[in-house]
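[1] here's a sequence, model it:
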Amino acid sequence: MCRHVSILAGAMCALLFSTATSAHHGATSLYDVKKETTLKVTITEFTWTNPHVEVGIASVEDKSVRWLLELGSPPNITNRGWTAKSLKPGDV
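    Take a look at the predicted model:
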């Protein structure tokens with residue numbers, strides 16, 4: 001009986017954790033990752049922190065248009081050549 005309870009508890013934990021993981025990283029269905037867009041922007045902030053690096057940008061043509069971009073984690077984007085000094089506020 002105890003073995004069955006342990007198996008059931010393990011299965012429930014696996015189900016709960018898999019749902020939380022997909023909820024956190026489920027935004028890919030919202031974006032067309034094959035569509036490329038080019039914007040001329042000014043960097044307003046560059047925050048190198050876990051769990052995600054953030055880049056604030058403002059449109060060069062219309063300063064009232066601003067976005068906050070969420071990148072991968074510092075270790076992941078370091079593997080792609082980024083550093084904590086790759087961008088700085090004021091860069092275009």
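[2] which SSE is the nearest residue to E45 once chain neighbours are set aside in?
    When the adjacent residues along the chain are set aside, E45 lies closest to G56, with 3.7 Å between them (CB to CB, 6 or more residues apart in numbering). Where you see a C-beta, it was placed from the backbone N, CA and C, and this is true even at glycine. Secondary-structure assignment from DSSP states H and E places G56 in strand 54-59.
[3] tell me the helix or strand right after that strand.
    strand 66-70.
[4] so what strands line up beside that following strand?
    For strand 66-70, the paired strands and their directions (DSSP bridges) read strand 54-59 (antiparallel).
[5] which residues sit against the partner strand?
    39-47, 65-71, 87 (CB atoms under 8 Å, 6 or more residues apart in numbering).
[6] report the rounded mean pLDDT for it.
    Taken as a whole, strand 54-59 carries a mean pLDDT of 94.
[7] in that strand, what's buried?
    By 16 or more other CB atoms under 10 Å, the buried positions in strand 54-59 come out as V55, G56, I57, A58.
[8] let me know the closest of those residues to N76.
    N76 lies nearest to V55 out of these, by CB to CB, at 14.5 Å.
[9] what's the spacing between the closest one and P74?
    Noted for V55: a distance of 13 Å to P74, by CB to CB, to the nearest Å.
[10] excluding chain neighbours, what is closest to V65?
    The shortest distance from V65 to any non-neighbouring residue, by CB to CB, 6+ apart, is to S59 (3.9 Å).
[11] before we move on, the earlier item: only whichever of the contacts of strand 54-59 are buried, select them in ChimeraX.
    Selecting in ChimeraX just the buried members of the contacts of strand 54-59, where the criterion is 16+ other CB under 10 Å, is done with this command:
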select :41,43,44,46,71,87
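[12] dump the residue contacts of F46.
    F46 makes contact with V53, E54, V55, G56, S86, L87, K88, P89, according to CB under 8 Å, 6+ apart.
[13] against I77, how distant is the closest residue to S86 other than its chain neighbours?
    Among residues not flanking S86 along the chain, F46 sits closest, at 7.6 Å (CB to CB, 6+ apart). Relative to I77, F46 is positioned 12 Å away (CB to CB).
[14] joint contacts of these two?
    By CB under 8 Å, 6+ apart, F46 and I77 have these common neighbours: V53.
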